[in-house]
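Engineer: Sharing a model that was predicted from the sequence below.
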Amino acid sequence: MNSTTRFKLSFMMFLEFFIWGAWFVTLGTFLANNLKASGSETGAVFSTQSWGAIIAPFIVGLIADRYFNAERILGVLHIVGAVLMYQMYNASDVSVFYPYVLGYMILFMPTLALVNSVSFNQMKDPEKEFANIRVFGTIGWIIAGLLISFVFHWDSPEGIQSGLLKNTFLMAGIVSLILGLFSFTLPATPPKVSEGGIKVKDILGLDALKLLKDKNFAIFFISSILICIPLAFYYQNAGLFLADIKVSNPTGKMAIGQVSEALFLLAIPVFFSKYGFKKTILVGMLAWAIRYVLFAYGNADNLSFMLIIGIALHGVCYDFFFVSGQIYTNSKAGEQVKSAAQGIITLATYGVGMLIGFMVAGSITDMYKSGDITNWKMVWIIPAGIAAVVFLLFAVLFNDKTKAEIETKIA
């Protein structure tokens, strides 16, 4: 890969995740303070990510992969997304805001697959080259958070009070427009369709459902859905929680989670080779319970270190469960259904699991909110309990017999 192509792909990844990090982290705070949304309404808004994840395979599989170059549809989706972001910036009520964010997420979620397609198309050895490109996406997310907290101060108590937090949508919209236009300069990635064309069952990954006949994979599959319930609490409430208890520069501090994610990604091969899949994934599950206990009992003063540790555990929570789960899925699937298997897991987690999770998180938040006061201790203790139950079920029911096989796959 020449240096020009490497730069373009790296810049594409940077902008892609800068856009997401620029508004999604502070979304819960914005909804509660600017639009006065209830917990259930906030949950409905966050669930648009799940609807986007469910619909994304159809956009990529039935449209992008069949008729258009990936970089061109990437450009169109981000340009239209910029317009929707501007409408979200102008919205003054959650009922007005919701249709725009739903439309945006239906368009944005497919771009996560498209940027990967554009990147892989230029690589001779994706397993070695992709990580060096993808890391710029994590950097983009981190930079967005640092700008919001330390440069613009939109998430400060004064910024929230004066309504400046809505500027995150304007910033994301501008960068979305830039990426939309920039996408047309990316290397050509033409559609790749077999002579028989793409079938709906291939898009949905239905062939991969036969993996569920394996008891251990079925337990992993169900556990993946269940663990997304506590995950939804973090996405929906963490930013709002930190702002509500008056933690300084909350969005910037949450960027610690992305730094952690990048670092712990490097530790996964070591854990796999030494402890196997079951112990690695159990560490990830346990980390979810521990981080929520830390959130429940920490505060913005003398116990603020507990909140920082909880945020820093994001790398263990995400990488040790989701990334290791992807490796496990890859090891269980045959060559013909590898892509379908990854697709069905993504649909189950970011689609079904998160959809249920946001509904539960919204209801629990409403249950423990009285006026402007939220009982955050209970809001965090409940998902900690859910994560602990999933941990115990997986520990008892999952019988790890594939350690040697997985070690071979990642060696």
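Structural biologist: Perfect, I can see it now.

Engineer: And the average pLDDT for the helix or strand containing Pro110 is what?
Structural biologist: Assigned by DSSP states H and E, Pro110 belongs to helix 94-120. Helix 94-120 shows a mean pLDDT of 92.

Engineer: Surely Tyr86 touches Phe169?
Structural biologist: Yes - the pair formed by Tyr86 and Phe169 meets the contact definition of CB atoms under 8 Å, at 7.5 Å. Using the backbone N, CA and C atoms, a C-beta is placed for each residue, glycine as well.

Engineer: between the two, which one's more packed in?
Structural biologist: Phe169 (27 against 18; other CB atoms under 10 Å).

Engineer: is it true that that one lies in a helix?
Structural biologist: Yes - counting by DSSP: H, G, I helix; E, B strand; the rest coil, Phe169 is located in a helix.

Engineer: Ignoring the adjacent residues along the chain, who's closest to it?
Structural biologist: Distances taken as CB to CB, 6 or more residues apart in numbering place Tyr89 nearest to Phe169, at 3.9 Å, with adjacent residues excluded.

Engineer: For Asn330, see how far away the one you found is.
Structural biologist: 40 Å (CB to CB, to the nearest Å).

Engineer: ok, now Leu77?
Structural biologist: 28 Å.

Engineer: More neighbours: which of those two?
Structural biologist: Shown here are Leu77 and Asn330; by other CB under 10 Å, Leu77 has more neighbours (24 against 16).

Engineer: surely that one meets Pro110?
Structural biologist: Yes - shown here, Leu77 and Pro110 form a contact pair, counting by CB under 8 Å, at 6.6 Å.

Engineer: Can you give me the buried ones in the strand or helix carrying Ile256?
Structural biologist: Applying DSSP H and E as the criterion places Ile256 in helix 250-265. Buried residues in helix 250-265, counting neighbours by 16 or more other CB atoms under 10 Å, are found at 250-262, 264-265.

Engineer: Contacts only, for the residue nearest to Phe169.
Structural biologist: Counting by CB atoms under 8 Å, 6 or more residues apart in numbering, Tyr89 touches Lys166, Asn167, Phe169, Leu170, Gly173.

Engineer: okay, those in a markdown table with pLDDT and distance to Val151 next?
Structural biologist: What follows is those, written out as a markdown table (pLDDT from 0 to 100; distance: CB to CB, whole Å):
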| residue | pLDDT | distance to Val151 |
| --- | --- | --- |
| Lys166 | 96 | 17 |
| Asn167 | 97 | 12 |
| Phe169 | 98 | 17 |
| Leu170 | 98 | 15 |
| Gly173 | 98 | 18 |
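
Engineer: Of those residues, which is the most crowded?
Structural biologist: Going by other CB under 10 Å, Phe169 tops the contacts of Tyr89 with 27 neighbours.

Engineer: In contact with it, which residues?
Structural biologist: Contacts of Phe169 (CB under 8 Å, 6+ apart): Trp23, Met85, Tyr86, Met88, Tyr89.
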